[in-house]
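Undergrad: Curious how this folds, go ahead:
(one chain, ligands or ions: 2)
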Amino acid sequence: MGVAVERVGQEYALDAESVHLHFQVSDASKPRGLLRRAATKSQPDRTLVALEDVTLRMPRGQFTALVGTSGCGKTSLLNLFAGINEPTYGSVRVAGRAPKRGTDEIGYMFARDGLLPWRTVRKNVELGLECPGGPSADVRKDRAEELLSYVGLSAFDGAYPSQLSQGMRQRVALARTLAPDPGTLLMDEPFAALDAGTKLRLEAEFLDIWETAGAAEDQQAKSVLFVTHDLQEALLLADRVILMLPNPGRIALDYAISLPRPRARRLPEMLFSEDFRSLYEELFHALEEGSGETPGSAAEGGVSSCV
Ligand SMILES: Nc1ncnc2c1ncn2[C@@H]1O[C@H](COP(=O)(O)OP(=O)(O)OP(=O)(O)O)[C@@H](O)[C@H]1O
Ligand SMILES: [Mg+2]
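TA: Ligands and ions are numbered 1, 2, ... in the order given. From the prediction side, this is the model:
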């Protein structure tokens with residue numbers, strides 16, 4: 001009898017296949033108090049289809065942006081890869097394995113920095129390394145200092161979050177996310193709360209870290225799945241832009257971005273280039289048209305233009 005060999009799928013950092021995600025939600029209009037029991041019987045919970053038939057394969061080292069209106073399932077999809085949500089149907093793999101909460105393989109960064117106010121900046125960065133069997137205090141300190149230097153905050157290592165601007169807080173959150181050196185980053189609108197100038201600076205800094213690591217001989221670029229509402233941000237940063245549509249949440253467009261790299265030091269210049277402008281225009285109209293598409297079109301591995 002032959003030995004069963006599981007498909008390892010190592011070529012994909014993230015792999016979601018025919019995923020459906022349903023939530024049971026209770027009807028908020030249910031009456032409260034004495035009437036509640038009787039009413040509950042006749043008004044069962046609803047099933048909310050957050051994701052329907054989503055297939056997304058992301059090769060290692062790719063920078064993919066997820067764009068879509070509020071409620072189309074972007075965070076739900078990230079949560080599937082983080083092991084926070086489980087698919088109702090379909091399969092989800094991270095580097096070939098079932099997703100697990102809290103592993104070093106995945107770094108997850110949110111729009112809200114989530115810094116602990118009673119910890120200094122350095123201690124907040126170290127938080128990402130504090131786990132049973134994790135690195136020693138000295139190693140954590142060195143790593144935190146290295147990352148604070150990457151994000152330009154060495155001088156603030158002893159400050160508290162309340163003493164920082166929002167842009168500085170997001171830099172600390174970025175350092176904390178990078179501290180365990182995850183192979184894959186899930187980023188949920190990480191720069192959304194910033195003003196336009198600070199946002200562009202942070203995008204450039206982050207891209208510089210990502211592109212520099214990717215160019216080093218002994219390192220592989222991190223795989224990034226980056227959620228944003230901002231098409232300009234998606235085009236500046238990503239190799240691939242995926243548009244999701246709501247009701248039910250689904251993938252409608254999957255677009256390869258061929259702008260040359262490295263881009264980190266050229267973002268303002270790129271913004272005003274003819275190439276960028278025409279790409280923005282093309283995608284903008286594609287997204288508009290995509291909004292009228294029928295549900296269910298899926299995104300396959302690699303990159304392809306669907307317009
Ligand atoms: N834990 C949950 N229980 C019930 N419904 C949920 C849960 N999480 C998400 N949803 C629902 O799933 C749908 C998709 O939500 P999700 O947060 O993924 O959207 P999103 O695209 O990230 O939106 P936004 O851009 O506003 O962050 C929404 O209708 C939301 O109400
Ligand atoms: Mg969200």
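Undergrad: Quick check: which ranges of this protein have low pLDDT?
TA: Counting by pLDDT under 70, the low-confidence segments of the chain come to 1-10, 27-44, 217-218, 290-307.
Undergrad: Can you show me the strands along it?
TA: For the chain, the strands defined by DSSP state E cover 12-25, 46-59, 63-68, 89-94, 106-110, 184-188, 223-228, 240-245, 250-256.
Undergrad: got TSV for these, with distance to ligand 1 too?
TA: Quick note: C-beta positions are derived from backbone N, CA and C, even for glycine. Putting the strands of the chain into TSV (distance: least, C-beta to the nearest ligand atom, whole Å) gives the following:
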stretch	distance to ligand 1
strand 12-25	3
strand 46-59	4
strand 63-68	6
strand 89-94	15
strand 106-110	10
strand 184-188	7
strand 223-228	7
strand 240-245	7
strand 250-256	11
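Undergrad: among the ones you listed, which is nearest Leu129?
TA: Ranking the strands of the chain by their distance to Leu129 (criterion: C-beta to C-beta) puts strand 106-110 first, at 11.7 Å.
Undergrad: for the closest one, packing partners?
TA: For strand 106-110, the contact count by 3 or more C-beta pairs under 8 Å, 6 or more residues apart in numbering; DSSP states H and E identifies helix 166-178, strand 184-188 as packing neighbours.
Undergrad: what angle sits between the longest one and strand 184-188?
TA: If I follow you right, that is helix 166-178. Here helix 166-178 points in a direction 150 degrees away from that of strand 184-188 (axes from the mean of the first three to the mean of the last three C-alpha atoms, to 10 degrees).
Undergrad: how far does helix 166-178 sit from the chain's center?
TA: Its chain's C-alpha centre lies 15 Å from the corresponding centre of helix 166-178 when counted by C-alpha atoms, centre = their mean, to the nearest Å.
Undergrad: Give me the residues contacting that helix.
TA: Contact partners of helix 166-178, identified using C-beta atoms under 8 Å, 6 or more residues apart in numbering, comprise 107-110, 113-115, 121, 124-125, 127-128, 144, 147-148, 150-153, 156, 161, 164, 185, 187, 190-191, 193-194, 198, 201-202, 205-206, 209.
Undergrad: hmm, 7 Å instead?
TA: Outside of helix 166-178, the residues that reach it under the criterion C-beta atoms under 7 Å, 6 or more residues apart in numbering are 107, 109, 113-115, 121, 124-125, 127-128, 147-148, 150-153, 156, 161, 164, 185, 190-191, 193-194, 198, 202, 206.
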